[in-house]
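Student: I would like the atomic coordinates for the input below:
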Amino acid sequence: MLKKRILIIDDDSRNIFALSATLKARSFDCMSCTSAHEALELLRTNENVDAILIDMMMPEMDGYEAIPRIKNIESRAKTPIIAVTAQAMVGDREKCLQAGASDYISKPVDVDRLLQLLSQV
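Tutor: Model (predicted):
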């Protein structure tokens, strides 16, 4: 069985470490980027990404701007993108979905919920 490859986009290396460790322990392969600009470059050249976890609040380019740009890459139009946010305010889920995210999860990440979302990939 092939491992599913998850791209984690987050400007905080502690979040990347925690999510990667959690997913690797459950047989996922993880890649990471610390900016949306870096992620866009990687996604243009790397076909082997099954799903994306993106922090919505990053400097320079936040998730609300990055998600439509990712979806505009022809090979990424159908890649599942899960928005991750620490804010968790009323209406955030709807804003994330309107930006093009497949789903939404808040921090601290509920591992069971994240695995449920990734099982659909």
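Student: use CA for all of it now, contacts and neighbours both
Tutor: Noted.
Student: In contact with the residue nearest in space to the middle of the chain, which residues are there?
Tutor: Residue closest to the mean C-alpha point of the chain, counted by Cα atoms, centre = their mean, is residue 53 at 1.3 Å. Residue 53 makes contact with 6, 7, 8, 9, 81, 82, 83, 84, according to Cα atoms under 8 Å, 6 or more residues apart in numbering.
Student: name the helices or strands packed onto the lengthiest helix in the chain?
Tutor: The residue-count maximum for a helix in the chain (DSSP state H) belongs to helix 13-24. Applying 3 or more Cα pairs under 8 Å, 6 or more residues apart in numbering; DSSP states H and E, one finds that helix 13-24 makes contact with strand 5-9, strand 29-33.
Student: Buried ones in the lowest-mean-pLDDT helix or strand in the chain, by neighbour count?
Tutor: Taking mean pLDDT, DSSP states H and E as the measure, the helices and strands of the chain show their lowest mean at helix 92-99, namely a mean of 90. Neighbour counts over helix 92-99 (16 or more other Cα atoms under 10 Å) mark 92, 93, 96, 97, 99 as buried.
Student: now residue 66, what's its secondary structure?
Tutor: helix (DSSP: H, G, I helix; E, B strand; the rest coil).
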